[in-house]
Every structure is written in structure tokens, then in C-alpha cells.
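Peer 1: Got a predicted structure here, sequence first:
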There are 4 protein chains.
Amino acid sequence: MRTGVWLVGARGSVAATSIVGWLALRAGLAEPTGCVTELPGLRSPALPALGELVLGGHEIADTPLLKKAEALAAAGVVPARLVDALHDEIVTVDDDVRPLPTGDTQAATAALIAADLADFRTRLALDEVVVVNVSTTEPAPDPLPAHADLAALEEALAGPDRVLPPSSLAAYAAFTAGCSYVDFTPSTGARLPALHELAVRHGVPYAGHDGKTGETLVKSVLAPMFALRHLRVRTWSGINLLGGGDGANLAEPAANAAKTASKQRVLGETLGYQPQGTTRIEYVDDIGDFKTAWDLITFSGFLGTAMRMEFSWHGCDSALAAPLVLDLARLTAAAHAAGRHGPLPELAFFFKDPIDATAHSLDEQWRILADFVGSLPGGEH
Amino acid sequence: MRTGVWLVGARGSVAATSIVGWLALRAGLAEPTGCVTELPGLRSPALPALGELVLGGHEIADTPLLKKAEALAAAGVVPARLVDALHDEIVTVDDDVRPLPTGDTQAATAALIAADLADFRTRLALDEVVVVNVSTTEPAPDPLPAHADLAALEEALAGPDRVLPPSSLAAYAAFTAGCSYVDFTPSTGARLPALHELAVRHGVPYAGHDGKTGETLVKSVLAPMFALRHLRVRTWSGINLLGGGDGANLAEPAANAAKTASKQRVLGETLGYQPQGTTRIEYVDDIGDFKTAWDLITFSGFLGTAMRMEFSWHGCDSALAAPLVLDLARLTAAAHAAGRHGPLPELAFFFKDPIDATAHSLDEQWRILADFVGSLPGGEH
Amino acid sequence: MRTGVWLVGARGSVAATSIVGWLALRAGLAEPTGCVTELPGLRSPALPALGELVLGGHEIADTPLLKKAEALAAAGVVPARLVDALHDEIVTVDDDVRPLPTGDTQAATAALIAADLADFRTRLALDEVVVVNVSTTEPAPDPLPAHADLAALEEALAGPDRVLPPSSLAAYAAFTAGCSYVDFTPSTGARLPALHELAVRHGVPYAGHDGKTGETLVKSVLAPMFALRHLRVRTWSGINLLGGGDGANLAEPAANAAKTASKQRVLGETLGYQPQGTTRIEYVDDIGDFKTAWDLITFSGFLGTAMRMEFSWHGCDSALAAPLVLDLARLTAAAHAAGRHGPLPELAFFFKDPIDATAHSLDEQWRILADFVGSLPGGEH
Amino acid sequence: MRTGVWLVGARGSVAATSIVGWLALRAGLAEPTGCVTELPGLRSPALPALGELVLGGHEIADTPLLKKAEALAAAGVVPARLVDALHDEIVTVDDDVRPLPTGDTQAATAALIAADLADFRTRLALDEVVVVNVSTTEPAPDPLPAHADLAALEEALAGPDRVLPPSSLAAYAAFTAGCSYVDFTPSTGARLPALHELAVRHGVPYAGHDGKTGETLVKSVLAPMFALRHLRVRTWSGINLLGGGDGANLAEPAANAAKTASKQRVLGETLGYQPQGTTRIEYVDDIGDFKTAWDLITFSGFLGTAMRMEFSWHGCDSALAAPLVLDLARLTAAAHAAGRHGPLPELAFFFKDPIDATAHSLDEQWRILADFVGSLPGGEH
Ligand SMILES: NC(=O)c1ccc[n+]([C@@H]2O[C@H](COP(=O)([O-])OP(=O)(O)OC[C@H]3O[C@@H](n4cnc5c(N)ncnc54)[C@H](O)[C@@H]3O)[C@@H](O)[C@H]2O)c1
Ligand SMILES: NC(=O)c1ccc[n+]([C@@H]2O[C@H](COP(=O)([O-])OP(=O)(O)OC[C@H]3O[C@@H](n4cnc5c(N)ncnc54)[C@H](O)[C@@H]3O)[C@@H](O)[C@H]2O)c1
Ligand SMILES: NC(=O)c1ccc[n+]([C@@H]2O[C@H](COP(=O)([O-])OP(=O)(O)OC[C@H]3O[C@@H](n4cnc5c(N)ncnc54)[C@H](O)[C@@H]3O)[C@@H](O)[C@H]2O)c1
Ligand SMILES: NC(=O)c1ccc[n+]([C@@H]2O[C@H](COP(=O)([O-])OP(=O)(O)OC[C@H]3O[C@@H](n4cnc5c(N)ncnc54)[C@H](O)[C@@H]3O)[C@@H](O)[C@H]2O)c1
Ligand code: NA
Ligand code: NA
């Protein structure tokens, strides 16, 4: 199953790390550390092989992919020796990174995007194309009536106004082109009733939102620990210090709000009540791609005794995200091939703010994921 | 089902906290925070009710239980107002705390212990008696041939030598008296082939070892997180600073070695390899019952990128342990009533070093526990 | 030298802890831990003895001092046994806590405040009276021309408008009554040119601002460490989680801004450049008086190597502040007795945002303080 | 003043970092970050300029210096671009790194070492030669009568036994060759009465012991903070996780003991009492040159309130040590030129376990150091 992975934001940190890593895996220059679909419990013939993937995407920035890869190497995100060794292959992938097109109306823009997708599929003889949004986080858009109904949406897109944020327009274009769509960001993406209608009409699946790579990942195992031990979490408060392009953008209040809400959701849903405290995001240029998160948890135990736990997490966000992007593309392509359409709540394992999912404990999410992979035709093992 | 809970080490910190807490719960003066058998997912008519428990035990120390309770209140482990309010009830429980008897041979001692258990059962009209070892951690004993075979053991006990460490002699006496046995400590307890034979002969179940209350509890959710995300843990090193009676004893090299081994076992079994690093235990008088543990975890992700996590845990050990002692007594009594004998690997959720258990992820252990409770006669829910 | 200490906010946490502690010291029930004027390097016959102090103050809240003291005992800020033992003395001090008076104009209010101070001095035969502001932090006031000139200020106060924030009105009243004034809060207090003029006219000294008790104290020794080792601090970012009355108020954006600015000042002044990062304050009710602050410092060393340090501080704010309130009162009274008027930059050791001070390293501030005490008449040692 | 810096252990991590860094500074390729003698408060014409230094040394390992430099670059200790750019210069310095000679007796060995020093001095026309020990930490030697008296020592060295550990033999040889000696390690070095006698006889100064680069540096500012605030430190306990050659050696119990004692000394001497707790050193291969230290400090304040602080330090040991090696060489050469002989307690600022020093607060040590530099002939500024 030849599978195209179309990255929206294809020269960003996550995308570039995904591309370099995928090239390295294909060339046998790296181990699949961080790729969960390569774990014994998930590896499956139902998924397209890493060697069957083909990467491309849309970008608005001009910096060549190679420059970005070199910058990531200088920052310690990817090994410099891999960027050297894969120089030619990186340049070749960059040929399939296209400037994001613009039409006179959003309908026209969507058609141009869909045409790029169709061209990618045809030119490279792909069985499946998955669009994965790894572009800059958007502020939440103002709600519009056209978001709720597909007919209204189509009419509105043909008019002069901006009806959809870019992530949703990308989902719209993907669906019309018969491509599945994964949102790795907290942006709106496919999360509008009108887009759900469209996905169903075209028989394509979608998944999201917001890759779970750091502090929220830790929360998704620690919160169940407190719950299973019947300990009462009183406060859970934290701060995320991060730099890089994503950090700069998240420091904007609107984007920050979107992200912060994603990050606390797991607590209420796992514990059954919302402890005090919030999660803050702060931009610190010097920290670059290596985020430091600190969380304080105060809790009470038997007879009310007060206790506490703190953790610090020093993770490289792009290195944590990139293998999951490859995982998500493989899983979503296989789901489409298996006839699934609409949301894929079985992929909740990967997301901070999973669509339609109820399980928030990482372990439960893992089991649901493993069952899903096991149920794919040809995937029994 | 009237259930006796016979605490070996009945005036120690864990025991006294269990007793004060149980009295407070019975009197409606406290919430069952920390009691996992009171969670919706485990609560079951198959278990003896908290009000059906009766507490007693053996001790070698003379300090009255009330004095110990007052000391725990002064140290902030239990609320002073509860010790005040339950003054009379604490003194009454202390009437059922007996000095550990001694005979001329270990066989004679065991018979005296068994007689105390039989008296407890008869006098208080108990349906079940569970012996729970919460006494001082022992050094590991030298192996003897008599440990491997019941007949040889019985012969040896009748002789003049010390054949069994106190925890194993307590298990021996419990089994001969038809009582089940739980080891909350890392001591040997029932973990000898001869004792297994004895438990089977008397048709009683046993469980252990070493209550999982702090750093190891956290490990049992974090290690699976790294495993499920296919991240490679390189180092896991930590230190536990603790005071109190248990801290002083664990600072002894032999006891320390027993405990430290328990603490790292979860890593190898969850990850499938042993990362570098150890866990140290250090006695710091000033810290008392409130342990501080710090762990450093270094790991590598996609393309080998180096990352790290640290956590500090400030827990009150006795407050974490006491509700689990009540849980274990209820679960083991119910298992016996349901006809179980031999080891209870389904109780692995509670232990650092669980007997015969293979699942080391807390979440898996929880599911096994919930299935077990659900399978008890009268326990469907 | 009988010295009155007039606390503005006399039933707040800091004030009540100061009062209970002072009573305990006087009664020989506690050690002077935390009192820097009791260290060998500062102890001096030039300072009024602890037994020569007399405490009183203004409040706007009605809760009796005893209730507040009991609440502090319940929260673990002061020992319950001291509140019990000092029951009568606490009630007696409360007799000298007066409701904050209000006149028709701010001039009239100031006169009423001054009258209370004069009455306190006369009635209790005090040689010195020091007013110490430990009331709620105010937002910074809008600047007014009357702030810059005493004549203009006096005219404006006689009019109908609110010209001065409460802390500055308290300083105004103190100066007119011949009392010295210390601001333990980040509020404006005496920091207006017109008030400086007034202090000079009345020959009284003043000191402030913002007691240095936690994270900033640590900064004032760590920042010099980096500077003396020629290490380049790149980021210094932190968060303060605190509850209690002060926490609730500081969560208000305006008060928060005042406090945050105080907290970063030490970095720029010690390092000679401003590293990236900010200090945030977050209100977490559950944490109460025990603040948790966490700071991340990233720095580079030889050849640019990137390194980092983190610290967590779990301090009881009122217990840290109270002994300093007693120190400041003793030092300021002695300064007045020695003929000093205007600002006392020698007291910078105590403050986050010290008036007219240039030394920001704790150690330098200590030496300046010790020299100052040594220079007081009768203070050589 | 042309100054030779003779490094004992010249291809170790600290030495190689010192060499690469010195070459980079000389070539204008790096800033003198971490070099305290380049701070405005210490910079002085009395010190040899960085460009006047010449580096060489003794080694027992064969790996060429360039290989070591490349390994340090791969580990992130020095920038790879500097090793590339300074390729030829590194090879040239390696020409002045000699195998440690061995004679038939220790007296003969010392003579060969001294001959190498004399050759270095003559061949390169050096005004001063400072021997700096940065070789592997030794276990403390058994005390011998010959250590106490120079005549006895000389006699014993001529015999067949091993009388001095290598660090002391290096000091012996240095003194006889008229060179000053600095011990950057916790080894014995010049700390023997007989060697003191020898230094005085030859009119040369010496300094040590044990470079203060990480956790102890932090202790030397935090401990005074607690002291100046009259807070009572109850526990100070920590752990150092480190890899690299030094880590492997320090994991040996004997070396570990030497180092651990150095590390706690600052507490007793600064606080005036010894708090509970110890400092442990643990070897973790994966951590390499980047040490992680964690310390817990519990303390009590006003009325006994219990509080605590934790810190984690993630420092690159060699990058912290190397600039201090250059500083120490410059300062010791200048001291010799100024006629000083015997111990240099004024250099306590640099050491964990300073010879003859009483001040343990970093700030006091700084002032003593600055006064010392100011007092050097030609050093007024
Ligand atoms: N790295 C993680 O761990 C992680 C986790 C969860 C979510 N995310 C999300 O992933 C996204 C990417 O993160 P990053 O660190 O790579 O950010 P980045 O800033 O490095 O990259 C974003 C890229 O998107 C491009 N872009 C912006 N708008 C676009 C558009 N409309 N169409 C096409 N390209 C566009 C930008 O030019 C940029 O190259 C962010 O939204 C982030 O919040 C990342
Ligand atoms: N508190 C926890 O979180 C936790 C977790 C796991 C295991 N444990 C284990 O639980 C045990 C109890 O801990 P603790 O803090 O209560 O210790 P403790 O020292 O306060 O109490 C132990 C009690 O056992 C008594 N004792 C000693 N030998 C005895 C014997 N042979 N027979 C009867 N009594 C005897 C002692 O006199 C003492 O009163 C320890 O072995 C500890 O390692 C505790
Ligand atoms: N505790 C510390 O470590 C610390 C350090 C630096 C500064 N401070 C400052 O000290 C002040 C007191 O802190 P706290 O924790 O005691 O707060 P708190 O809220 O417990 O007490 C403040 C008291 O002031 C009273 N008050 C308010 N306005 C008043 C007025 N105009 N006149 C008289 N009384 C008034 C309130 O009723 C209250 O009783 C705050 O401004 C705080 O920012 C405290
Ligand atoms: N890096 C720091 O922050 C720091 C701080 C304080 C003290 N120190 C001390 O500095 C020393 C060097 O540390 P490192 O990390 O460079 O260690 P390292 O193991 O990398 O280097 C030591 C070198 O000394 C050589 N050597 C051993 N014995 C020798 C001898 N008798 N003569 C000549 N050479 C010999 C070894 O071959 C090796 O090359 C250690 O003693 C360490 O404890 C280092
Ligand atoms: Na930390
Ligand atoms: Na911490």
C-alpha cells in the first residue's frame, strides 16, 4: 500500500524532523525509537510499511527544507551526521513541498489545494494519501452558522469572506480529494459539523487533536495513578517553558488559550473532578526546541494527610512528535483502506484533546489502539 | 463476615495508623480516602464491610498504642482531633495487642502464636482471620534445606536452632491456625516452598510482598509510559530520604539491600531491559514519616535525541500504607471465604515485589484486581 | 528604649505571626530563629531589646486576633501550644489594635491616624514608635502632581479627592506624628517625593519595600554566584504558587504586576544584564501560607556550553516574614534614636525592592547592615 | 611574564578542555566566559596575559590529545567547530605532553619529573612554571612518619618503598624544580608537612584542593543565606550522578570518601554546626560529563516552622573546571613572581576543601581574592 503523507507546514520543526527521520529509517541509518507502530504489540501487516510511505506537503515559508534540517541539527534535535548523509534525499523530498496556493475565494483555494493532492497521488501512484496538519497553531475562529451545515458552508466558501481557518480549509480540501486528515495541532481542523458531513460523504476518516508529547503525556499516566489509589488530587499546576517557532506562536494569548485547555482536559476526565490550578505556557527563546515543563501536584491521602509530588520534564518536542506523525499516517491510511470513515476515536493514545474519546488514561488508550490495529483486515497477530 | 485483622507489629507506625483510621471510618469521622476497595470500580458485597473488621495483633514493644497514636498526631501523620475523639476505642484495641510469645523451640513459639490467633477468633466470634505482617523489615535469612520441604521444616523447628526468621514463623503459625497471611514488608514471610506446602495443606491463601506506596508506585506508571511510547530509558536513578522507625532500620545494609531490590524490579519487568542506575535509601532522622524520594530518568527518543525527567515525591509513608492494609485484609479474607488457597497474584497492585505476578504496570494490575473482585461469589456488579 | 511597633494590617497573617512570636520570645517559650538582629554579628545594645517592644496597630477586618492566631495554628504556621499558652496576652495586644479611622477628607483621616499613634505613644510611655505596613498589597496608584511636592500634597489632601493610596496616607500620618515608617509590602508607602520632604521636615527615617522572604532571597545569593564565576545567565524563569489572603490579592493583575517587578529587579542589578524570563504568581487556595516557588535558570559556561539549574522552595511566608518585621522595627527605632532621617538604604538586606540601594547581593547587603549597626551610638561590639 | 602551565593528567577531560579553550581564547574564537580573572573586578596587569601562557604536561594514557578533543566535541563539552579550527594547534600542544617518567626509586622518578619541568622552562623560555594536578583522584594514602619531616622524606624516597602517592610526588618534583603547584583534585598533593617544608625551602607557593564547580559551589552561597537569615538547617542531603572517567573513578569507595568529605566541609564551617545528611556520588555511564546533582535542604524558621528547598544542578564538569584551571595558573604564577611562598589561602574561592582557609562563603572568598589580586605589585586598579 503506497501511502502519501502530505504535511501541512512541511518545513516546520515537526515536519522536517519527521522527514529526516523517515529518510534515516528507510536508509537503515536509525532505529525506530519513538515509533509506536514498530512496537511488538502494534506492528502489523495491515499498516503500510515505512518503506511504502512517500512524503510531501504545503508550506508558506521559503527556507529550503535542507536549511531547516541543518538548523535542527545545530540545535541538537537531529544528528548532524544524518543530515549530511541524507543531503540528496532531503532535497528530493523538498521537490514535493509546494507553496500553499491561494484562490480568489476560499472555494477556489480549496480547489487548488485539492488539485495539489490529486497531482501528488497520481504522479507518485499512491494508494492512499493522508493529510497531516503540523502547521502553526491558529487562534480559535469565531463560530459561524456555515460551520454547522455542509450546504451552507459550500455556499459561504464561494463568497468573498473568510469562512474557515486554514486548518479547516485544508481538511475541506483533503476530504473533497478523497484524502483522510489528521490534525496534530490544537487548531480547529476537521472539528466542525459541516466538515464531518463532508468526510462521511467522501467516505474518509479523520483524527486529532494536538499531539500528546510532553507534560500531558505524563499527566495521562499520573492522574490515573492517583485515581486508582483513591488519593484526592487538590492542586495540579504547572508551567511549560519553550522556545522555537511553536513557542513564539503559543505565547500569543489566543493560541495559548487553545493549547492550555487541551492540556488540563485529561485531569477532569480521569479524576472525575477538576483540581485547582492551571498550566501556563511561556516563550523562552533560549530554550529552543527543548521544552522544560514543571508540575506541582498536591494531594491528600488517608485521614486527609497532605502530600505532594513535583516533576520536571526536559523533552525535545520535535523528536517526540515526529515518530507519532509517521505512526498516525500509517494508522489512518490503514483505517481508510479498511473502509473506516468519520472520526477515529481509537487514536486517542496520540492526542491531548482526542475527538469523541472517553478514555483518558494512557493505558486504556493503548488497549483501544491495540484492539483497533488487531481488528484491521490482515492485521490479526 | 466478621473478619479479624491480626497485625504483626501492631504498635508500629503503619499498624497504629491503620487502627486509628479504621476506628475513624467506623465512627463516620473520616472519608475512606486511600482505600481502594472503596472505589466504585472495586466496592463489592463480596468483601467484609469495614464495620465487620476487628483489629488486634502481636508486638514486641511496650509503648501503649495510645502513646504511639499521639506521637503520630504530633508528627502530622494522623489528625490530633481523631486521636482525642477515639481515645477510648484506641485503648480497647490495645487490649487485643499481645506480646509476641516465645517458646523453648521455634515449634513451641509457633504453637503459642497460633494459640493467640485461635483465641482471637473464638473470643470475638470471627469468620475469618487475616494475619498482616507490618513489623520491622528483617535481613534476608541464610538459605537452609529445611526451607524447601515441609516435613524437614517441621523436624527442624522442633530442634534448638533458629530455622525461620520471625516473619516466616508468623506465616507458619498463621497457616497452622487456618489463617491467611499477607506480607506488607519485604521480609521473607511465606515465600518459602515449605510454607507454600503448608498453606496448601491448610487451604489458606497468602499475599505479598512489600507495600507499594511511594517511589515504586510512581515507577509502576511511568515505566509503562516510556515503554508504550517506544522511548528508550537509559538511566533511572534515585534516592529515598526517610526517617522514623522504618527509616532507621532500612539504613542497616542488610535490610536496605532487601528493599532496594524490590524497588528496581518493576523497571526490568516493565521495560524488558534493565536501565542503568540504582535506588538508594538514606536515613534522615529529621524527615520522620514524611519521605522524600527523588528520581532522575534519562531517555532517548527518535534518532537518539537525549531527554530527561525528574520527580520528587513527598509522601507520608504510614498514611499511604494504612488504607492498603485494610484493603488487603478485606480482599484476602474474601479470597479465603471463596475457597482460594496458595498465593494471590491478583493482589500485585499493592506490592513492590508481588508473588508470582507478571504484570508490573499499575494499570494492568488494576484490571487483574478488578476482575478478581468481580469473580468472587456475590461480587458481581 | 521603649519602642512601639504599630502594624498596619494588624490582624493579617504576617502581623499575627509577628505578635504571637514576639509574645513567645518575651515569655521565653521560643528561640529567636529567623530574627537576624539576634545573630552574634548583629546583636547590639544600640537596639531596643525584644522585651522593650510594645505591639499594636490598625485593621479594617473585625476577626479578633485570637481567631486569626488559631487559624494560623490550624494551618501549621505557628504551634498550637503557643496560641494556647499565650491566649490572654494575645487578647491584650488586640486591645491595642484599632479600626482604621476615616475622616471626611484624606487630611482628616490622616489626622485621626496620627491621633491614634500619639495616643499609643503617650498611653504606653513609648520612646519611639515605628509604623510597619503589613497590610494588603495595593495596585500602583495613578501619578498625580501633588505626589511630587509637599505643599501641593497638603492642599490636595484637604480637598475631596483621593490623593494618596492607603499605604502612603499611613506614611503621611506617621511622619506628621513623628513616627518612622517601614513598608514591608510592595505598595507605594513613603516612596513619593512629597513624603520624602515630609519625613525630612519631621526628622524621621523610613525604609522599604517588600520583604524578601522566599524566591527573591534565593535569587539574591544565586545571581551573584553566577556573576562571580563569570557564567552567563540566559534564562531565569519561575512561578510562585501561593494561597492565603496575600495569594488571593496578588492574583489580581495590578497587585501581581507590582510584585513581579520587585522580584526580577535583583537579576538585572546583580548580573548587569537582564536574562530572559519572568516570574509569575499564581493563586492556589489549597497551598495556603506555604508557598511553592520553582525557578529554572539556564546558563552558559566556557566555550558556550549550555547548563541549567532548577530549584523549588517550599516556605511558610508568614513565618519567614514575621521575625523580619521585629528586626526592622528594632533597627528603624534605633536609627531614629541615633538621629537618622530620610531613607535607610542600609536596610536593603530585608527587601526585594530596596529604596536607594545599589547592592543587591545578599552578602554585600549584610555587610552594609552590620556596618550600620556597628556605627549606631552605643552599638560598637 | 611567559608562564608555563604543566598539567598532570594532560589528556584528561579537564585538561583537554582547558587546552582547547585556551587555544580558542588566544585565537579570538571564544569569549572568556567562566574565567574569573577576566571579570572587571579581578582583571589585572599583575597577572600573566592569556597569550603569555604555554601549556604542556604529563600523562599516562596514550590516546592523542586530538582524539580526546574530538571525543569531548562529540559529547557536547566543547564545540566541534573549535576542534576543527584548532586542529594543528592541538597537535602542537600534544608535543609538550610527555609520558609520566618512572625511575627505580621514587627519588629517581621525582628527578625525572623535575627534569621534564626544567626542560619545559628552558626550551620555551618561561619566566614561571605552574604545575596543576588534574589527574585521576587517588585514594587517601596511609600516613607515614616520612610525611611529617622533609629529611625523613628525602631518605625514604631514596629507598625501595612507595612513600608518596603520585600527586604528592608531583608536588615534590615541582618544588625541587622551583615550580609552584596547584591541586585541582581532592588527592593529597602538597598537603603534607614535609612538602610544606620543601615549598618554603624553594620559595614557591602552592594551592588546593579540589576545584569547586558544581553542587559545592551552590552550597557555598546557599549555606551562608540560611546562616545570615538565622534559619536553622536541619538536613542537607544530596546525590551526584556523573559519568565520564572521573565518575568511574569516584565510584571507587576510597576516592568517593575523599570527595564526599570535601563536599560537606562547607556546611559545618559556614553554619557553625553540622546538619544531618550526606552527599553521595554515583557513577552513571550514560550521563557522561554532564553531572546531575540533587540536594534536599530542610530547615526551620520562626517558632520552629518546618520548610524545605530542593535544587537540581545539571552542569558540564569539564566546562566548569577548565577556565578555573587557567585562572589558578595565572594567579599562582603572579603570586610566585610577587615573592609568595607556602600555601595561598587567598585562592579558597576556587576550592571545595581550601588549604588554611577560614572563609567558606563564596562572597567572602571573592573579597579575599580580589584584595589579593589588588595587592600584587603592579596590580592596583
Ligand atoms: N512538537 C510537539 O511536541 C507538538 C505537540 C503537539 C502539537 N504540536 C503542534 O504542531 C505544530 C507544528 O509545530 P512546530 O514546532 O513544527 O512549529 P513550527 O513553527 O516549527 O512549524 C510550523 C510550520 O507551519 C508553517 N505554516 C504556517 N501556516 C501554514 C499554512 N497555513 N499552511 C502551510 N504551512 C503553514 C510555518 O511556516 C512553519 O514552517 C504546532 O501547531 C504545534 O502546536 C507540536
Ligand atoms: N509505610 C510504608 O509506606 C511501607 C511500605 C512498604 C513496606 N513497609 C514496611 O512495613 C513495615 C512497618 O513499617 P513501620 O513504618 O510501621 O515501622 P515501625 O518501625 O514503625 O513499626 C514496626 C513495628 O514492628 C514491631 N516489631 C518488630 N519486630 C517484631 C516482631 N518480631 N513481632 C512483632 N512486632 C515486631 C516493632 O516493635 C514496631 O512497633 C516495615 O517493614 C516497612 O518496611 C512500609
Ligand atoms: N509573608 C511574606 O513573606 C511577605 C513578603 C513580602 C511582602 N509581604 C506583604 O505583606 C503584606 C501582608 O501579607 P499577609 O500575608 O499578612 O496578608 P493578609 O491578607 O493575611 O493580611 C493583610 C491584612 O491587612 C488588612 N488591611 C487591608 N487593608 C488595610 C488598611 N488599609 N489598613 C489596615 N489594614 C488593612 C487586611 O484586613 C488583612 O488583615 C502583603 O502586602 C504582602 O504582599 C509579605
Ligand atoms: N571537572 C570538575 O568539575 C572537577 C572538579 C573538581 C575536581 N576535579 C578533579 O579533576 C581531576 C580530573 O578530572 P577529569 O574529569 O579530567 O578526569 P579524567 O579521568 O578525564 O582525566 C584524568 C587524567 O589523568 C590521567 N592520569 C591518571 N593518573 C595520572 C598520573 N599519575 N600522572 C599523569 N596523568 C595521570 C589519566 O590518564 C586521565 O587522562 C579528577 O581528579 C577530578 O576529581 C574535577
Ligand atoms: Na526538580
Ligand atoms: Na524538584
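Peer 2: Sure, I can see it. Numbers count the residues shown, from 1 in each chain, chains lettered A, B, ... in the order given. Ligands and ions are numbered 1, 2, ... in the order given.
Peer 1: When you work out contacts or count neighbours from here on, use the C-alpha atoms and nothing else.
Peer 2: Fine.
Peer 1: Tell me which stretches of chain A form strands.
Peer 2: If you assign secondary structure with DSSP state E, the strands in chain A sit at A:3-8, A:53-59, A:97-99, A:128-133, A:180-183, A:205-208, A:232-242, A:279-283, A:290-300, A:306-316, A:342-343.
Peer 1: Tabulate those in TSV, adding columns for mean neighbour count and mean pLDDT.
Peer 2: As requested, the strands of chain A are exported to TSV (neighbours: other CA atoms under 10 Å in any protein chain shown; pLDDT from 0 to 100):
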stretch	mean neighbour count	mean pLDDT
strand A:3-8	27	98
strand A:53-59	23	98
strand A:97-99	19	98
strand A:128-133	28	98
strand A:180-183	29	98
strand A:205-208	29	97
strand A:232-242	23	94
strand A:279-283	21	88
strand A:290-300	23	94
strand A:306-316	21	96
strand A:342-343	22	98
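Peer 1: Out of those, flag the one nearest chain B.
Peer 2: strand A:306-316 (4.1 Å; CA to the nearest CA).
Peer 1: Centre of the chain to that closest one, how far?
Peer 2: The chain centroid and the centroid of strand A:306-316 are separated by 24 Å, computed with CA atoms, centre = their mean, to the nearest Å.
Peer 1: OK, now which residue of the stretch 201-350 of chain A is nearest to ligand 4?
Peer 2: Scanning the stretch 201-350 of chain A for proximity to ligand 4 using CA to the nearest ligand atom identifies A:His314 as nearest, at 22.9 Å.
Peer 1: separation between A:Glu59 and A:Asp327?
Peer 2: Relative to A:Asp327, A:Glu59 is positioned 22 Å away (CA to CA, to the nearest Å).
Peer 1: no no, A:Val91
Peer 2: 23 Å.
Peer 1: which of those two has more neighbours?
Peer 2: Neighbours were tallied for A:Val91 and for A:Asp327 using other CA atoms under 10 Å in any protein chain shown; the higher tally belongs to A:Asp327 (18 against 15).
Peer 1: and A:Glu128, bridged to which residues?
Peer 2: Under the criterion DSSP bridges, A:Glu128 forms beta bridges with A:Thr3.
Peer 1: So it is in contact with A:Trp6, correct?
Peer 2: No: with contact taken as CA atoms under 8 Å, A:Glu128 and A:Trp6 are classed as non-touching, separated by 10.5 Å.
Peer 1: Show me where chain A has its helices.
Peer 2: Counting by DSSP state H, residue ranges of the helices within chain A are A:13-26, A:65-74, A:80-85, A:87-95, A:106-123, A:150-157, A:166-176, A:193-202, A:215-228, A:244-250, A:253-271, A:317-337, A:362-375.
Peer 1: Would you mind putting the CA coordinates of the fifth one into CSV?
Peer 2: The C-alpha atoms that make up helix A:106-123 are tabulated as CSV, following Å, rounded to 0.1, in the frame of the first residue of the first chain:
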residue,chain,number,x,y,z
GLN,A,106,-11.8,30.1,-0.2
ALA,A,107,-13.6,27.7,-2.5
ALA,A,108,-11.1,28.4,-5.2
THR,A,109,-8.2,28.0,-2.7
ALA,A,110,-9.6,24.6,-1.6
ALA,A,111,-9.8,23.5,-5.2
LEU,A,112,-6.2,24.4,-5.8
ILE,A,113,-5.1,22.5,-2.6
ALA,A,114,-7.2,19.5,-3.7
ALA,A,115,-5.5,19.7,-7.1
ASP,A,116,-2.1,19.5,-5.5
LEU,A,117,-3.2,16.5,-3.6
ALA,A,118,-4.6,14.8,-6.7
ASP,A,119,-1.4,15.5,-8.5
PHE,A,120,0.7,14.0,-5.7
ARG,A,121,-1.5,10.9,-5.7
THR,A,122,-1.4,10.4,-9.4
ARG,A,123,2.2,11.4,-10.1
